[in-house]
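Engineer: Here is a sequence with its predicted model. Questions after.
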Amino acid sequence: MGLQDRLSRELVASWAIAKKDVAIYYLRPGTIVGGVLFPLFMFLAFTAGKLSTPAALIPGLISITTLFSASSIEPVSIPIERRTGTFDRLLSAPISLNALVLGESLSGLLYSVCIASVVFVAALLILSTPIVSIVPIVLGVLLSSFCFATMASLFAAYPTESPGDIISMVNLVRFPLIFISGVFIPLAALPAFGQMLAYISPLTYANDLIQSGYHGKTVLNPFIDLAMLIVFILIFQVVANYLYKRFND
Amino acid sequence: MDSAHAIDVSHLVKKFGTLTAINDISFSIGVGEIFGFLGPNGAGKTTTIRILTGISPPTAGTATIFGHDIVRETVAARQSMGIVSETSNVYTDLTGWQNMMFSAQLYRVGRSEREKNATELLKRFELYERQRDKVHGFSKGMRRRLTIAMGLVNSPRLLFLDEPTSGLDVQSNLIIRDVISDLIQQGVTVFLTTHNIEEANVLCDRVAIINKGLIAAIDAPERLKKTIQSVQSIEVSFDSGSPTQLDELRRIPMVNEARKEGDKFRLFTEDPSEVIAGVMTYARSHNTRVISITTLGPSLEDVFVKLTGLERSGGGVTAID
């Protein structure tokens, strides 16, 4: 079997897994609460607290939308599939673990892109939020969605049949990230320790890239943002692959 | 790559910490063979299947599927397999048709072939009329049939069947057994795990009995039965009975064990002629008549009981530990 054939086989299987997740999990209550309501409430909390104007908060809202919605599918789908035995069907299919993780992550990515697009279009139409360039926004949404979906796949490797266990673990990471990544509180306003932590958060790079599309300026170089998001995706993919292999033993 | 054997297992060991689940087992399964894998709960059946399907790696030893090493060439080895697990692991939020399509896509079956296969299999399993319904409305038997249909959608050369008919209705049982018989005719290799020993006896070319991680015996069912000719039995029924009849029959000379099976009694012995004489004497002395009496050889269940150290309880067998 050639490399091209192997890659094609893996991508077809990944896409099949993603489509299956779309059909089954997108409208589950746990997914909607984690992927839609959490970022919405967070946004309302910051605007109601008059920390900033709604229009100014839109880039941050898009950033945390990608974080929450991209990471809301796998923590629900994988434990449920372990309980019903369907996850064994995926584990025993003629595909690699990389393809399995990619397929699961793709469903989170698509979910996130859909919801972020709704936020983007609504902000444009209702709040007339100005944008400087759409390219960094699109790239930021795509890469950060992929990154956070892969991060969720990594957490979902933990061998439990209860979605609550995974969601709790993911929340332990998601909530602190909002406050250390310059989403609603600028990086410059963070204490020195917070700024150090910001650089190990993928949300910092995602938010910086998306902010540049709206404001035309970045704290970091946009290419660094892109590169760091890709690095995080690769790290999460490799670690997820390792954990699935280890926990299946 | 191809091989004369569908499965080759060599010195397979699986340890979980200090527990040895599989302890140096070796066997081969020929192409087109129906191989039964029997054993009490916790004997190592599921662990063996998880290794052979590439879900779990062995601690030591090797396993190949049609010549492909399951650890080093996992994807190639799995491509020729169909796997039907013990639980009916279907997606209840999808329709029967969507389940079939998903399974086929995982095995990269082309569109026209997967639609043709799915249609044929759904008809074969009498699910075609319900193909557009979501599976959560299916009965237990229908879900089981769909699980097996999904395992066959890639036209596998080797099928792992884990408890295919356990706890099913008569209709589902008949359909599934018919399909297994067809697979045998088509030359598909079947690795069958079942608690239904009679099912293994009827279907399998060979069976392996695994106990405490070791293969206790591996041979054709009839040859295995010959190894324990000492476990012969007499099946007898009387025209009248009493509550103490079982205990009285146990006291007949040369009867090692007696069991009540419906309206009949089964008396285990190493000397059937002596016991038949004893039974006739018993009937005369208790003013009862023998309605039927049959000499039986050892069953595969007898072999299983003897080799696994289980003890009989009522009509079935239970583990000692």
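Structural biologist: Sure thing, it's come through.
Engineer: hey, let's count contacts and neighbours off CA atoms from now on
Structural biologist: Fine.
Engineer: Grab the longest helix from the chain for me.
Structural biologist: Answering for chain A, as no chain was given. Counting residues, the longest helix found in chain A (DSSP state H) is helix A:97-126.
Engineer: oops, chain B please
Structural biologist: helix B:170-185.
Engineer: Show me what the helix or strand that that one is followed by is in contact with.
Structural biologist: Counting by DSSP states H and E, the next helix or strand C-terminal to helix B:170-185 is strand B:189-193. Strand B:189-193 is contacted from outside by B:6, B:30-38, B:45, B:157-163, B:184, B:200, using C-alpha atoms under 8 Å, 6 or more residues apart in numbering or on different chains.
Engineer: could you redo the last one with a cut-off of 7 Å?
Structural biologist: B:31-38, B:157-163 (C-alpha atoms under 7 Å, 6 or more residues apart in numbering or on different chains).
Engineer: Take those and keep only those in strands.
Structural biologist: B:34-38, B:158-162 (DSSP state E).
Engineer: got the contact list for residue 75?
Structural biologist: This is for chain A. A:152, A:156, A:163, A:166-167.
Engineer: Actually, chain B is the one I wanted.
Structural biologist: A:94-96.
Engineer: Just the pLDDT for the most centrally placed residue in chain A.
Structural biologist: What sits nearest the mean C-alpha location of chain A, by C-alpha atoms, centre = their mean, is A:F148, with 2.7 Å. In the prediction, the pLDDT value recorded for A:F148 is 97.
Engineer: The one 3 residues further on too?
Structural biologist: Listed pLDDT for A:M151 reads 97.
Engineer: Next, it: phi, psi?
Structural biologist: The phi/psi pair for A:M151 (degrees, to the nearest 10) reads phi -60, psi -40.
Engineer: Skipping adjacent residues, who's closest to it in space?
Structural biologist: A:F236 (5.6 Å; C-alpha to C-alpha, 6 or more residues apart in numbering or on different chains).
Engineer: got it, and A:I24?
Structural biologist: Using C-alpha to C-alpha, 6+ apart, the closest residue to A:I24 is B:D93 (6.0 Å).
Engineer: does the one you found really touch B:R132, like I thought?
Structural biologist: No - B:D93 lies out of contact with B:R132 (C-alpha atoms under 7 Å); the separation is 11.6 Å.
Engineer: Comparing the two, which residue is more hemmed in?
Structural biologist: B:D93 (17 against 13; other C-alpha atoms under 10 Å in any protein chain shown).
Engineer: now the more buried one, what's its secondary structure?
Structural biologist: coil (DSSP: H, G, I helix; E, B strand; the rest coil).
Engineer: residues near residue 223, how many?
Structural biologist: Went with chain A since none was named. Neighbours around A:F223, by other C-alpha under 10 Å: 11.
Engineer: The intended chain is chain B.
Structural biologist: 12.
Engineer: quick revisit: quick check: PyMOL command selecting the buried ones in the contacts of strand B:189-193.
Structural biologist: The following PyMOL line selects those of those that are buried, judged by 16 or more other C-alpha atoms under 10 Å in any protein chain shown:
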select buried, chain B and resi 31+32+33+34+35+36+37+38+157+158+159+160+161+162+163
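Engineer: between the contacts of strand B:189-193, which is nearest chain A?
Structural biologist: Among the contacts of strand B:189-193, B:F160 lies closest to chain A (C-alpha to the nearest C-alpha), at 11.4 Å.
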